[in-house]
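**Student:** Pasted the sequence and its predicted model underneath.
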Amino acid sequence: AVVSTQSTGVFRKITNSFCLFQVGKCSRLGNSVKIAEKCSFKRSFIGDRVQIGPHCKIVDTVIMDDVTIEDNVSLTNCIVCKGVVIRNKCTLKDSRICDGFEVASGSDYVGESLVADSEIPNMMSFSIYNSGRGSDAEDLSK
């Protein structure tokens, strides 16, 4: 089913001939969100064009635009950045998943920052360049 309304109200069940899912108080669903059956959302933000498979539980989580979440996924207190894919049967708690990362099926993470390989060189050069050594720091951009 495609949900194109924004939900910010009290706890309610949304039912039609294609799906049954629960949106809790203080949750918001973005535009063109596709949600399968038996999913629940509590105190969470779901961005635009997100696809969520059946039997998912999402609590205290921010999911940005263009994310795909497959079946039987549990997210608690997470930040899921743009373009992330979370495969089947994953559990993530207190974690951040950066742009474009793909979480493998059956993964279980607590308190992790997951970064796509393509972002690592940019992050490393930023950390080295901004090492806080003051004006004596070597200019790595040359």
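**Tutor:** All right, it came through fine.

**Student:** Can you name the residues bridging to residue 93?
**Tutor:** residue 76, residue 110 (DSSP bridges).

**Student:** I figured it hits residue 73, correct?
**Tutor:** No. Taking Cβ atoms under 8 Å as the definition, residue 93 is not a contact partner of residue 73, at 11.8 Å. For every residue, glycine as well, the C-beta is placed using N, CA and C.

**Student:** between the two, who's got more neighbours?
**Tutor:** residue 73 (24 against 17; other Cβ atoms under 10 Å).

**Student:** how close does the more buried one sit to residue 117?
**Tutor:** Applying Cβ to Cβ, to the nearest Å, the value for residue 73 to residue 117 is 22 Å.

**Student:** Residue 43 now?
**Tutor:** In terms of Cβ to Cβ, residue 43 sits 32 Å off from residue 117.

**Student:** Residue 29 now?
**Tutor:** 31 Å.

**Student:** Could you list the low-pLDDT ranges of this structure?
**Tutor:** Within the chain, the set of residues satisfying pLDDT under 70 comprises 1-21, 118-142.

**Student:** returning to what we had before: so between residue 43 and residue 117, which is more surrounded?
**Tutor:** Per other Cβ under 10 Å, whichever of residue 43 and residue 117 has more neighbours is residue 43, with 14 against 8.

**Student:** The more buried one touches residue 24, doesn't it?
**Tutor:** Yes. Counting by Cβ under 8 Å, residue 43 does reach residue 24; the two are 6.4 Å apart.

**Student:** so what's in contact with these two at the same time?
**Tutor:** Counting by Cβ atoms under 8 Å, 6 or more residues apart in numbering, no residue touches both residue 43 and residue 24.

**Student:** Lovely, talk soon.
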